Every structure is written in C-alpha cells, then in structure tokens.
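In: Got a predicted structure here, sequence first:
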Amino acid sequence: MARRNSSIMNGALEEITALEYILMGDLLDLLEEADGDAGAWKWISEVLDTLLKTMPREFELQDEGGYLEEVLEEHPNWQGQVRNLYKERCALLVNLSDLRNRMQDSIPLRQMRQIASELRHELRDWITSYIAHQRHERRIFQDAFNNDIGAAD
C-alpha cells in the first residue's frame, strides 16, 4: 500500500512540476507583452494565483517523509546544505506572494504603468531564482547518489 501511495504522490508531483513549467513559460511570454496592456497584467495575475496555489502542494509532496531525506540518509553531513535549500524554497514562495500583492495593490492601470517595468524585472528575476533553486535541488540529489560511483578495488 505504501508503494502505491508513493507512486500516486510521484505522479501528482510530476503533474504539478509540468504545470509549473508551462506556467513559467506563459509568465515569461506575458511579461514580454505586459508593458501597458491591462489584459496581459490580468493574465499575469491569473498565472501568479495558480502558481501560488500549486507550489505549496508541490512542497507538501516533496516534504512527505522529509525534505531531501534520501540525500540526508546518504550524507548526514549535508544537513546544512539541505537546510539552506529548504529556507531558500520557502523564501521564494514568500517573495512570489509579495510580488503578487504588490501587483494587486497597483491594479488601477495608472499605477500599474508606473511600476510595470519594475514588476516585470522582479518577476523575471524570481523565475531565474526559482529555476536555479530547482537545479540546485536536482544537483544535490544527483551528487548524493553519484558520489559513491568510482573504481572498484
């Protein structure tokens, strides 16, 4: 039964990850169009709302059994790196929520035009940071299990 639940969780995690990948691409496209276009900012808002709903579920699934627990079982001395990644992940979610709130606060188009460039830049930076975070998670996981591979005696 545990194995079945694990495969269901992995499937759900894969679906969420795929959705996030699509949303990030859409967000980048929308940011290109978003200069003074209220319609584009409406869609950006929708994408951010969806990300803010899916990311906590993704994190919940990743944390099932402990965040990067497999890595820590192999290399307990990597606890500091894993803790830093966990904090970074939490900060990324808070930052996205803050950006979404700032955008909501400036919804009248006049105000939106004043901060559109700033928000566009910050959202692109956030996407870059999130992608870097995901790469770091994958790299630490791969390193944990590729470290033992070497020449046999």
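Out: Received, thanks.
In: Give the buried residues for the host helix or strand of residue 85.
Out: Element membership of residue 85 [criterion: DSSP states H and E] is helix 79-105. Residues of helix 79-105 classed as buried: 81, 82, 85, 86, 89, 92, 93, 96, 99, 100, 103 (neighbour count, 16 or more other CB atoms under 10 Å). Every C-beta, even on glycine, is put in place using the N, C-alpha and C of the backbone.
In: would TSV of those with distance to residue 133 and pLDDT be doable?
Out: Putting the buried residues of helix 79-105 into TSV (distance: CB to CB, whole Å; pLDDT from 0 to 100) gives the following:
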residue	distance to residue 133	pLDDT
81	13	95
82	13	96
85	7	96
86	10	96
89	6	96
92	6	97
93	11	96
96	12	96
99	16	92
100	18	92
103	22	83
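In: What lies in contact with stretch 55-72?
Out: Applying CB atoms under 8 Å, 6 or more residues apart in numbering, the contact partners of stretch 55-72 are 9, 12-13, 16-17, 20, 78-79, 82, 85-86, 89, 93, 96, 137, 140-141, 144.
In: rerun at 7 Å
Out: Contact partners of stretch 55-72, identified using CB atoms under 7 Å, 6 or more residues apart in numbering, comprise 9, 12-13, 16-17, 20, 78-79, 82, 85-86, 89, 93, 140-141, 144.
In: Could you give the average pLDDT over that stretch?
Out: Averaging pLDDT along stretch 55-72 gives 91.
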